[in-house]
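K.L.:
coordinates only, no sequence provided:
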């Protein structure tokens, strides 16, 4: 028989020292977003399924756990991503005309882990900017994402950039690709050049210049030099030209960071994102720490289509790759209700000290604190002294 203390696969408890650091990260980042003018919102963990799933892509539907609402009989979803909820708040509840900056932090649950080393429960924190279609909003969001990982103590962050305008322009320019767009995205993301060439044999109506663009796209990855090579290798479509202009502006706005460019890697973002896509990587983490980008039109299902860009990250994953959390120094105090003792305890705690009052017969076994001082009664007064 299975032990009652076992958790479901890919779910885990967070123990004291780690839980404290995650909470400190949450406070640090939400304060950072507030300093940028982002307003905090807290959507519910469960919503009607139709509200949780945007009209862009099916990946989110596969990751969402479903259940039946006992009050209405309708299908509910346990959120797998908070972004659609933030879009709903912007479009339907706030309904502002100008730019709206919103941030959030809360748990999400995936029906299946995203990878072999992934958890199903994430503590997702993020920021979303609505109402501005220009690259300036993308620059602000990416700068905020980079500062987020820096504030957490991550060194050597690397930024991966892409722009969905490139792939979308090529696919939309040739009617022969209309029915096979998802397959094209998969071939490009895996850099399967033979598979791309095979499209020309399977689709005789595919234009030669389109096939040539798809064939060369997987080779357009590397450093910022890709942005100079791409216009020479790709068709002079307006959306491609605009995408190159946007990416150049992003790189020039952040000269102190290391960039990598991969114009073929649309991945699961094709059905969701609409423009700039980015991921932040760092040594010590097996996957991207931060993912984000532009997703214009996500509010369409809520009756109000707005430009939007943002990012999110999992604080539990972020914390797991950092050095072990340092223990906090604490003071040990004896048990008692003497007014003078209680006054001393209030004074110490009010000044920011951690004071652990020992219960009768208690022995200390703490994960989060290191007790290096004690409160003792000396010469008619309660005093703090170091423990030898």
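P.N.:
Alright, I've got the coordinates. Model, not experiment: these values are computed from the prediction.
K.L.:
and the helices in the stretch 101-250 of the chain?
P.N.:
135-151, 164-172, 181-189, 193-202, 208-216, 226-233, 238-253 (DSSP state H, counting those that start in this stretch).
K.L.:
wait, which of those helices is closest to residue 373?
P.N.:
helix 135-151 (30.0 Å; Cβ to Cβ). Just so you know, the C-beta spots here come from the backbone N, C-alpha and C atoms, and that holds for glycine as well.
K.L.:
hmm, who's touching the closest one?
P.N.:
28-29, 32-33, 36, 99, 127, 129, 157, 159, 245-246, 249-250, 253-254, 257, 275-276, 278, 280, 282, 289-290, 292-294, 307, 309-311, 313, 318 (Cβ atoms under 8 Å, 6 or more residues apart in numbering).
K.L.:
buried residues in it?
P.N.:
135, 137-142, 144-149 (16 or more other Cβ atoms under 10 Å).
K.L.:
check stretch 216-226 too.
P.N.:
216, 217, 218, 220, 221, 224, 226.
K.L.:
surely residue 108 meets residue 79?
P.N.:
Yes. If you go by Cβ atoms under 8 Å, residue 108 and residue 79 touch, sitting 5.3 Å apart.
K.L.:
neighbour count for those two, which is higher?
P.N.:
residue 79 (25 against 21; other Cβ atoms under 10 Å).
K.L.:
state the distance from that one to residue 273.
P.N.:
19 Å (Cβ to Cβ, to the nearest Å).
K.L.:
does residue 118 touch residue 12 like I think?
P.N.:
No. Checked against Cβ under 8 Å, the pair residue 118 and residue 12 is beyond contact range at 11.4 Å.
K.L.:
pull up the gap between the closest residue in space to residue 381 that isn't next to it in sequence and residue 362, please.
P.N.:
In space, residue 381 comes closest to residue 340 once its chain neighbours are excluded; the distance is 7.6 Å by Cβ to Cβ, 6 or more residues apart in numbering. To residue 362, residue 340 is 22 Å away according to Cβ to Cβ.
K.L.:
can you check residue 323 too?
P.N.:
Taking Cβ to Cβ, one finds residue 323 at 31 Å from residue 362.
K.L.:
circling back: so which of the helices of the stretch 101-250 of the chain is nearest residue 330?
P.N.:
helix 135-151 (25.4 Å).
K.L.:
residue 380 - how many residues pack around it?
P.N.:
Neighbour tally, residue 380, other Cβ under 10 Å: 6.
K.L.:
buried residues in the least confident helix or strand in the chain by mean pLDDT?
P.N.:
When each helix and strand of the chain is scored by mean pLDDT, DSSP states H and E, helix 59-63 comes last, with a mean of 83. With burial defined by 16+ other Cβ under 10 Å, the residues of helix 59-63 counted as buried are 59, 60, 63.
K.L.:
and what of stretch 28-36?
P.N.:
Neighbour count says stretch 28-36 has 29, 30, 32, 33 buried, by 16+ other Cβ under 10 Å.
K.L.:
so what touches the host helix or strand of the second one?
P.N.:
Spelled out, that is residue 30. Assigned by DSSP states H and E, residue 30 belongs to helix 16-35. The contact list for helix 16-35 (Cβ under 8 Å, 6+ apart) reads 14, 40, 103, 105, 123, 125, 127, 144, 147-148, 151-152, 315-316, 318-320, 322, 324-325, 327-328, 366-368.
K.L.:
one more pass at 7 Å, please.
P.N.:
Helix 16-35 is contacted from outside by 14, 40, 103, 105, 123, 125, 127, 147-148, 151-152, 315-316, 318-319, 325, 327, 367-368, using Cβ atoms under 7 Å, 6 or more residues apart in numbering.
K.L.:
put the buried members of the residues you listed into a ChimeraX selection.
P.N.:
A single ChimeraX command selects the buried members of the contacts of helix 16-35 (16+ other Cβ under 10 Å):
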select :14,103,105,123,125,127,147,148,152,315,316,318,319,325,327,368
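K.L.:
what about residue 232, distance to residue 244?
P.N.:
11 Å.
K.L.:
who has more neighbours, those two?
P.N.:
residue 244 (20 against 8).
K.L.:
residue boundaries of the helices in the stretch 251-388 of the chain?
P.N.:
Using DSSP H, counting those that start in this stretch, helices in the stretch 251-388 of the chain cover 315-320, 339-350.
K.L.:
now tabulate the ones you listed in TSV and tack on mean pLDDT.
P.N.:
TSV is the format used below for the helices of the stretch 251-388 of the chain (pLDDT from 0 to 100):
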stretch	mean pLDDT
helix 315-320	94
helix 339-350	96
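K.L.:
CSV please, covering these and showing distance to residue 190.
P.N.:
Below are the helices of the stretch 251-388 of the chain laid out as CSV (distance: least, Cβ to Cβ, whole Å):
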stretch, distance to residue 190
helix 315-320, 25
helix 339-350, 57
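K.L.:
which of these is buried the deepest?
P.N.:
By mean neighbour count, with neighbours taken as mean count of other Cβ atoms under 10 Å, helix 315-320 ranks first of the helices of the stretch 251-388 of the chain at a mean of 20.
K.L.:
list the helices and strands it packs on?
P.N.:
If you count contacts as 3 or more Cβ pairs under 7 Å, 6 or more residues apart in numbering; DSSP states H and E, helix 315-320 packs onto helix 16-35, strand 121-130.
K.L.:
and residue 94, what does it touch?
P.N.:
Counting by Cβ under 7 Å, 6+ apart, residue 94 has contacts residue 100.
K.L.:
how close does it get to residue 204?
P.N.:
Taken as Cβ to Cβ, the span from residue 94 to residue 204 is 51 Å.
K.L.:
next one: residue 193
P.N.:
In terms of Cβ to Cβ, residue 193 sits 20 Å off from residue 204.
K.L.:
which one's more surrounded, those two?
P.N.:
residue 193 (16 against 7).
K.L.:
thought residue 216 was touching that one, still the case?
P.N.:
No. Using Cβ atoms under 7 Å, residue 193 is not in contact with residue 216; the gap is 9.2 Å.
K.L.:
so for residue 118 and residue 12, which residue has more residues nearby?
P.N.:
residue 118 (15 against 12).
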